[in-house]
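Visitor: Return a 3D structure for these sequence lines:
(chains A and B)
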Amino acid sequence: MHMKQRIAAFLKQVVNKRDRNGRDLTGALAGHSRNGKKDILGLDGTQLREVREALLSAFPTHQDLEMMVFDQLNEHLSSLVRDGTLEHTVFELIQWAMAKGRLEELVIGAHKQNSQNPQLKGVAERLGLSNDQHFPHHSGTHETTHHIATASPVPPSGQRGEQLATASPVPLPEQRDEQQQATEETQTERAELGNIKMQQFAYSSIPQSVQNDLQKITEETEKTLLAQHARHYQDTLKQDQRLTYIKILDMDNRVPLTHLHVPQRLQRASIAHTTSDINKESDPNIILQVVRQRIEEAYKSQGIAPEKVLCEQKQCVVLGDPGSGKTTLLKYLTVQALNGQLAGLLDVLPIYI
Amino acid sequence: MSKFAESKHTNLVDFSVEDWDNHYGFKGQALTFIESQLRDGKLLFLLDALDEAAIGRQKDERYATYKRVFEAIEQLSRSYPQLPIVVTARIAGYRQLAPLPFPEYEVLPFRPAEIRLFIEKWFGQPDPQAGTPDPRQVALGQELNDKLHNTIRIQTLVTNPLLLSLTTILYQKHHDLPTRRVDLYKRCSKLLLEGWDKTRLILRPSILDTDQKEQLRRTDCLIDHIVYQLYGLTEDEIAIVEGNVQ
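Guide: A predicted model of the protein is given here:
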């Protein structure tokens, strides 16, 4: 929802052909979709890594990070991320902030909390998010947001405006008043955007073509975000040694599953082979005969590759005696699916329960 | 499946959504994502050890838990008939439970070629330092393969992947292979008792409420392996044979 509001705010600027700072956007409008996308998702992989490394350097302990998150974002770190190494915590914090559309706020807040850290300062500056350029707090109330906007003597020159208006010239001094006014309006509008009415506004006051664009951008953004989540899921599973490694007993070394993999074979479980054959009236000798026959048949059977069974049957039960490799087979299928190497099911995400 | 059985969930999709939200950073977006993956047929459910889902102290409790898990799988299958689902279960355990409406397959035992391949791979693991297999280990593997080739009795025993791994570990440690089955069992039992539960069952500590229960499971596992391997019978077949003998 939050993201939709932000996109809508951005689109409103587009419709008004003015950016947040009141600059004329006519020149930049042609590429608004792309700019809009960049604005929303903001950072590429390298930049995200920079943010991560900067946070790690500025907040070297869990406590430091926790304090910053509490002071600047009004959130409890422990409720946002799982327990883990600091590096992992920072990674998840960034993921969380991205999902909530609060990444800018995180960087600004972090920089505010530790303005001395050169790495963080560098990142904040490069992203156009250093402290002297304030951004409205998404979590803030109307009053606060408005207050910041009016109390600020210098109109903010947000990264957003700069990105949008790369084609337009630097604002002239005489535009300042108008610009500041526009900024205040934008700030107030942005505060309003926090209201539930926002969505009505978004859809009623913008032309159909832009609405379509909005829809498209929203969908694309959501897709991209989910794709990021999916990759994170895949990576986490791939690193899960309980899944991808074989550990037999208390051996000191674990062996990658794929390394030891010996192709397993399946065979349709025939009713004749089940115990229903062996009823209580049967002679033990007959039972032994049945069992021997079963073993011989299993030996002779060519068997079917599990991948093939999965492809043809979609849904099946795999039975086996203890130690016959059922769990190993499932883990193998999980790893193959994660690596996109499961024949016939190339891009499925496995759920191993 | 014991994780699901313990969760009190009745729906596998809900269970996965909760898991993804909480453990894989989806933070509330897992439902949208999983639903879209289901629509596109881009999920694969791998449900391990269905027979272990019948948990509980009392028989009624075990029955109720299994029923819930069983119905959850059935519902998933009904809602998404094209969704790939693989369920595993021990033969004996599964035969005592209501069967799923899925085609049933059995895992076939290893043949000599597969035993050979496993041993080669085991001893051919790249040395962490050198990055290449240790020639002495490779030779040891070759030695074991040769010995197995000449010991038909033991060879039929190691058609079970678990017993094959145990035998391989024993050979790597002691450099010799018992010629009598009983001796191999003795050593495997010792290995099993020392390590099997520690590594596998500890992952599901909630099943092992008490030391007694843990002991019970260990013994169960051992009996399953050894008895089945010795006599080629599954546990319910043994029960029948025992009944007949009495």
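
Visitor: quick one: low-confidence ranges for chain B?
Guide: Filtered on pLDDT under 70, chain B yields the residue ranges B:181-182, B:189-246.

Visitor: so where do the helices sit in it?
Guide: B:2-7, B:12-23, B:30-39, B:59-79, B:91-95, B:112-123, B:135-149, B:152-157, B:161-174, B:181-191, B:197-200, B:211-231, B:235-245 (DSSP state H).

Visitor: Which one, of those helices, ends up nearest to chain A?
Guide: helix B:161-174 (2.7 Å; CB to the nearest CB). For every residue, glycine as well, the C-beta is placed using N, CA and C.

Visitor: CA atoms only: put that closest one into PDB for me.
Guide: Listed next in PDB are the C-alpha coordinates belonging to helix B:161-174 (Å, rounded to 0.1, in the frame of the first residue of the first chain):
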ATOM      1  CA  PRO B 161      21.900 -46.900   1.300                       C
ATOM      2  CA  LEU B 162      22.000 -46.300   5.000                       C
ATOM      3  CA  LEU B 163      23.800 -49.600   5.700                       C
ATOM      4  CA  LEU B 164      26.100 -48.900   2.800                       C
ATOM      5  CA  SER B 165      27.000 -45.500   4.300                       C
ATOM      6  CA  LEU B 166      27.600 -47.100   7.700                       C
ATOM      7  CA  THR B 167      29.800 -49.800   6.100                       C
ATOM      8  CA  THR B 168      31.700 -47.200   4.200                       C
ATOM      9  CA  ILE B 169      32.300 -45.200   7.300                       C
ATOM     10  CA  LEU B 170      33.500 -48.300   9.200                       C
ATOM     11  CA  TYR B 171      35.800 -49.200   6.400                       C
ATOM     12  CA  GLN B 172      37.300 -45.700   6.300                       C
ATOM     13  CA  LYS B 173      37.900 -45.900  10.000                       C
ATOM     14  CA  HIS B 174      39.100 -49.400  10.500                       C
END
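
Visitor: Could you list the low-confidence segments of the stretch 201-350 of chain A?
Guide: Those would be A:201-206, A:247-254, A:270-292, A:294-296, A:298-299, if you go by pLDDT under 70 across the stretch 201-350 of chain A.

Visitor: run the last query once more with 80
Guide: For the stretch 201-350 of chain A, the stretches flagged by pLDDT under 80 are A:201-214, A:217-219, A:221-223, A:225-226, A:241-243, A:245-256, A:270-302, A:322-323, A:343-344.

Visitor: could you show me where the helices are in it, in order?
Guide: For the stretch 201-350 of chain A, the helices defined by DSSP state H, counting those that start in this stretch cover A:208-238, A:241-244, A:257-260, A:284-300, A:306-313, A:326-338.

Visitor: Let me have the helices of chain B in CSV, extended by distance to residue A:70 and mean neighbour count.
Guide: Output for the helices of chain B, formatted as CSV (distance: least, CB to CB, whole Å; neighbours: other CB atoms under 10 Å in any protein chain shown):
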stretch, distance to residue A:70, mean neighbour count
helix B:2-7, 32, 19
helix B:12-23, 21, 18
helix B:30-39, 26, 17
helix B:59-79, 40, 16
helix B:91-95, 50, 21
helix B:112-123, 52, 19
helix B:135-149, 54, 15
helix B:152-157, 61, 16
helix B:161-174, 50, 20
helix B:181-191, 51, 16
helix B:197-200, 41, 14
helix B:211-231, 43, 15
helix B:235-245, 57, 15
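
Visitor: how about these in TSV, adding distance to chain A?
Guide: TSV is the format used below for those (distance: least, CB to the nearest CB, whole Å):
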stretch	distance to chain A
helix B:2-7	5
helix B:12-23	5
helix B:30-39	5
helix B:59-79	6
helix B:91-95	5
helix B:112-123	5
helix B:135-149	12
helix B:152-157	8
helix B:161-174	3
helix B:181-191	6
helix B:197-200	6
helix B:211-231	4
helix B:235-245	5
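
Visitor: Make a markdown table out of those helices and add distance to residue A:84.
Guide: Formatted as a markdown table, those follow (distance: least, CB to CB, whole Å):
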| stretch | distance to residue A:84 |
| --- | --- |
| helix B:2-7 | 20 |
| helix B:12-23 | 11 |
| helix B:30-39 | 19 |
| helix B:59-79 | 30 |
| helix B:91-95 | 36 |
| helix B:112-123 | 33 |
| helix B:135-149 | 36 |
| helix B:152-157 | 43 |
| helix B:161-174 | 32 |
| helix B:181-191 | 34 |
| helix B:197-200 | 23 |
| helix B:211-231 | 29 |
| helix B:235-245 | 42 |
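
Visitor: List just the one of those helices that sits closest to residue A:304.
Guide: Closest to residue A:304 of those, according to CB to CB: helix B:112-123, at 14.7 Å.

Visitor: other SSEs contacting that closest one?
Guide: helix A:257-260, helix B:135-149, helix B:161-174 (3 or more CB pairs under 8 Å, 6 or more residues apart in numbering or on different chains; DSSP states H and E).

Visitor: quick one: contacts of it?
Guide: A:255, A:259-263, B:110, B:133, B:137-138, B:140-142, B:144-145, B:148-149, B:155, B:158-159, B:161, B:164-165, B:168, B:172 (CB atoms under 8 Å, 6 or more residues apart in numbering or on different chains).

Visitor: Now do the same contact list for the residue of chain A found nearest chain B.
Guide: Closest to chain B within chain A is residue A:323: 2.7 Å, counting by CB to the nearest CB. Residues in contact with residue A:323, defined by CB under 8 Å, 6+ apart, are B:160-163, B:225.

Visitor: mind listing what the spatially closest residue to residue B:184 that is not a sequence neighbour touches?
Guide: Sequence neighbours aside, residue B:178 is the residue nearest to residue B:184 in space, at 4.6 Å (criterion: CB to CB, 6 or more residues apart in numbering or on different chains). Residue B:178 sits next to B:154, B:184, B:186-187 when contact means CB under 8 Å, 6+ apart.
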